[in-house]
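Asks: build me a model:
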Amino acid sequence: MVAVIRVSEPSWIASFAGLSPRQFGKLVTALRREGADPVRRGRPWSLPLEDRVLLDAVYWRTNLTLRQLAPLFGVSKSAADRIVDHLGPALALQQRKRFHKGTVLIVDGTLVPTRDHTIAEQSKNYRYSTNHQVVIDADTRLVVAVGRPLPGNRNDCKAWKLSGAKAAVGMTTVIADGGYRGTGLVIPHRREKGQSELPAWKEEHNASHRKVRARVEHTFARMKTWKILRDCRLKGDGVHYAMLGIARLHNLALTG
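Replies: Model (predicted):
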C-alpha cells in the first residue's frame, strides 16, 4: 500500500497532532527516553516511532475507524490496531504529584460517549457515557490530573472521590462548581433557606469564581477537538488512555 500520511510532511503534524513540528519532535524524543521504542525480538514495527505516534494522533483527532485509517499510513488494519494499543499507555499524561504552596486548581467532570457499555451508563445526554474528572492548574491552564473513568450516571461529587482525582491533588486548594457541594472544595455561594438574594459581596465572589472556573470549560473545548472524545469506540482502558494522551498533547501545545 502507498502511504498518504507521513511525518516527513510537516503539514500533517500541525493538522492532526495539534503541535508544531518542533513540539512533535520533543514529544517523540521524550517517548524514546521513556522506553516507548525498545529493541524487541521478532518482526519489527512496520512504521518508525514518529509515524506511529502520528497514526495514534490522527486516530484520536479524526475518530476514523482503523479500517479507514490504516491505508492512509500504508499498513494493515491489524498493524494499526497494535500501534494504537501499544502507544495509548505510552502517550498517557504523567500526572503531577506535588504542587507548590499557593497553587490553585480547578476541577470539573466531562462526559465522553463510549461504545463499551461495560464501563458506561446512560447519562444526562441520554447516551452511554463515562464521567472523567479533569483537574487543571488555574494559573497555567495545564491539565495536572485526570481521574479514572466512571459510569456517566455518577454525579460529580461522588466521581471526585471515586475516580482518584481527590487523592491525586491531596490538600491543594481546588475550585469547583455547585455540583461539588459537601466535598470541601471552593464552590459558589448559595442562597440559604428563606433568602431572596445573596449579599453584594457574595455576588462579587461568585462572579470572580465563574470567571476563573471557566478556564476548565475552555480546556474541555480544546480537548474535544479530538473527535474520539465525542464518540469513543475503544474498549476497557482505551478511553482512559485516550483522555490522558490528549491531555498530554494539550499541555505540550500550551507550553511549546
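
Asks: from the chain's centroid, how far away is stretch 249-256?
Replies: Centre-to-centre, stretch 249-256 and its host chain are 12 Å apart (CA atoms, centre = their mean, to the nearest Å).

Asks: for it, buried residues please.
Replies: Buried positions in stretch 249-256, judged by neighbour count with 16 or more other CB atoms under 10 Å: Leu249, His250, Asn251, Leu252. Quick note: C-beta positions are derived from backbone N, CA and C, even for glycine.

Asks: what's the following helix or strand after the helix or strand harbouring Arg22?
Replies: Here Arg22 sits within helix 21-33, counting by DSSP states H and E. For helix 21-33, the succeeding helix or strand toward the C-terminus, using DSSP H and E, is helix 49-62.

Asks: which strands or helices does that next one pack on?
Replies: In this structure, helix 49-62 packs against helix 10-16, helix 21-33, helix 66-73, helix 77-90, helix 238-255, with contacts taken as 3 or more CB pairs under 8 Å, 6 or more residues apart in numbering; DSSP states H and E.

Asks: rank those by mean pLDDT and give me the bottom one.
Replies: Mean pLDDT values for those show the minimum at helix 10-16, a mean of 87.

Asks: neighbouring contacts of that one?
Replies: Helix 10-16 has contacts (CB atoms under 8 Å, 6 or more residues apart in numbering) with Ile5, Arg6, Val7, Leu19, Ser20, Pro21, Phe24, Leu54, Ala57, Val58, Arg61, Thr62.

Asks: what of stretch 247-256?
Replies: 17-20, 23, 26-27, 57, 91-94, 134, 140-143, 146, 219, 222-223, 226.

Asks: restricted to buried residues, select the residues you listed in ChimeraX.
Replies: Only the buried entries of the contacts of stretch 247-256 go into this ChimeraX selection, using 16+ other CB under 10 Å:
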select :17,18,19,23,27,57,91,92,93,134,141,142,143,146,219,223,226
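
Asks: coming back round to it: just the buried ones from the contacts of helix 10-16?
Replies: Ile5, Arg6, Val7, Leu19, Phe24, Leu54, Ala57, Val58, Arg61, Thr62.

Asks: contacting residues around Lys202?
Replies: By CB under 8 Å, 6+ apart, Lys202 lies in contact with His189.

Asks: ok, Ala70 - contacts?
Replies: Contacts of Ala70 (CB under 8 Å, 6+ apart): Ser76, Lys77, Ala79, Ala80.

Asks: please report how far it lies from Val84.
Replies: Distance, Ala70 to Val84, using CB to CB, to the nearest Å: 10 Å.

Asks: can you pull the buried residues of stretch 201-209?
Replies: Neighbour-count burial for stretch 201-209 [16+ other CB under 10 Å]: Asn206, His209.

Asks: return that stretch as PDB; C-alpha atoms alone will do.
Replies: Extracted as PDB, the C-alpha positions of stretch 201-209 are listed here (Å, rounded to 0.1, in the frame of the first residue of the first chain):
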ATOM      1  CA  TRP A 201     -20.100  40.700  48.400                       C
ATOM      2  CA  LYS A 202     -21.100  37.100  47.800                       C
ATOM      3  CA  GLU A 203     -22.400  38.000  44.400                       C
ATOM      4  CA  GLU A 204     -19.000  39.600  43.600                       C
ATOM      5  CA  HIS A 205     -17.200  36.400  44.900                       C
ATOM      6  CA  ASN A 206     -19.500  34.300  42.600                       C
ATOM      7  CA  ALA A 207     -18.700  36.400  39.600                       C
ATOM      8  CA  SER A 208     -15.000  36.100  40.200                       C
ATOM      9  CA  HIS A 209     -15.400  32.400  40.800                       C
END
